[in-house]
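K.L.:
Quick one: sequence plus predicted model below, questions after.
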Amino acid sequence: MLPVSSPVSNSAHSMLIVDDSLVIRNRIAKLVADPRLPHINIAGLAPNGAVALRLAREHAPNLVTMDLTMPELDGEACIEGIIAHLPETRILVVSALADKATALRAIRKGASGFLHKPFTDDDLLDSLLQLIQ
């Protein structure tokens, strides 16, 4: 995982989970309830970037997990849209795209970290803890 920038300052966390795979969305949602994490409310589950932008505007999450390869609106464009509307939102990219250029591009567009798929439960928990500390 790439380093994560400055932490979220809010004590209450709200998360948007964005992935075109229902299995991945549900897995992340389940892991968010882990007792090692502070309480995180799930603001929404989005199957693509277009739905994610709508949900982000409606619910203003301060945390987002973001896939990059999705139909309708890809993750990079979605990152830009979310950051333009909610610049303090922390975005963890969770993607099978493993090349360094893709990760760096996502970070430049506003992502706070990058986790490669496939990931273990502990990988995701560690990444989320870094995101919210």
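P.N.:
Everything's here; your move.

K.L.:
use CA for all of it now, contacts and neighbours both
P.N.:
OK.

K.L.:
Show the residue spans covered by the strands in this structure.
P.N.:
Taking DSSP state E as the test, the strands found in the chain are 13-18, 40-46, 63-66, 90-95, 113-116.

K.L.:
Give me the helices and strands touching the second one, please.
P.N.:
Right, the one you point to is strand 40-46. Here strand 40-46 touches strand 13-18, helix 22-32, helix 49-59, going by 3 or more CA pairs under 8 Å, 6 or more residues apart in numbering; DSSP states H and E.

K.L.:
who's sitting farthest from the centroid in the protein?
P.N.:
residue 35 (19.3 Å; CA atoms, centre = their mean).

K.L.:
In CSV: the strands of the chain, plus distance to residue 79, mean pLDDT and mean neighbour count.
P.N.:
Converted to CSV, these look like this (distance: least, CA to CA, whole Å; pLDDT from 0 to 100; neighbours: other CA atoms under 10 Å):
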stretch, distance to residue 79, mean pLDDT, mean neighbour count
strand 13-18, 11, 97, 24
strand 40-46, 13, 96, 19
strand 63-66, 8, 98, 28
strand 90-95, 8, 97, 27
strand 113-116, 12, 94, 23
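
K.L.:
I'd like these written out as JSON lines, with distance to residue 53 added.
P.N.:
Below are the strands of the chain laid out as JSON lines (distance: least, CA to CA, whole Å):
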{"stretch": "strand 13-18", "distance to residue 53": "10"}
{"stretch": "strand 40-46", "distance to residue 53": "9"}
{"stretch": "strand 63-66", "distance to residue 53": "11"}
{"stretch": "strand 90-95", "distance to residue 53": "13"}
{"stretch": "strand 113-116", "distance to residue 53": "19"}
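
K.L.:
For residue 101, which of those strands is the nearest?
P.N.:
strand 113-116 (11.7 Å; CA to CA).

K.L.:
re earlier: roughly how far apart are the residue farthest from the centre of the chain and residue 24?
P.N.:
Residue 35 is 20 Å from residue 24, where distance means CA to CA, to the nearest Å.

K.L.:
got it, and residue 75?
P.N.:
Residue 75 sits 15 Å away from residue 24, going by CA to CA.
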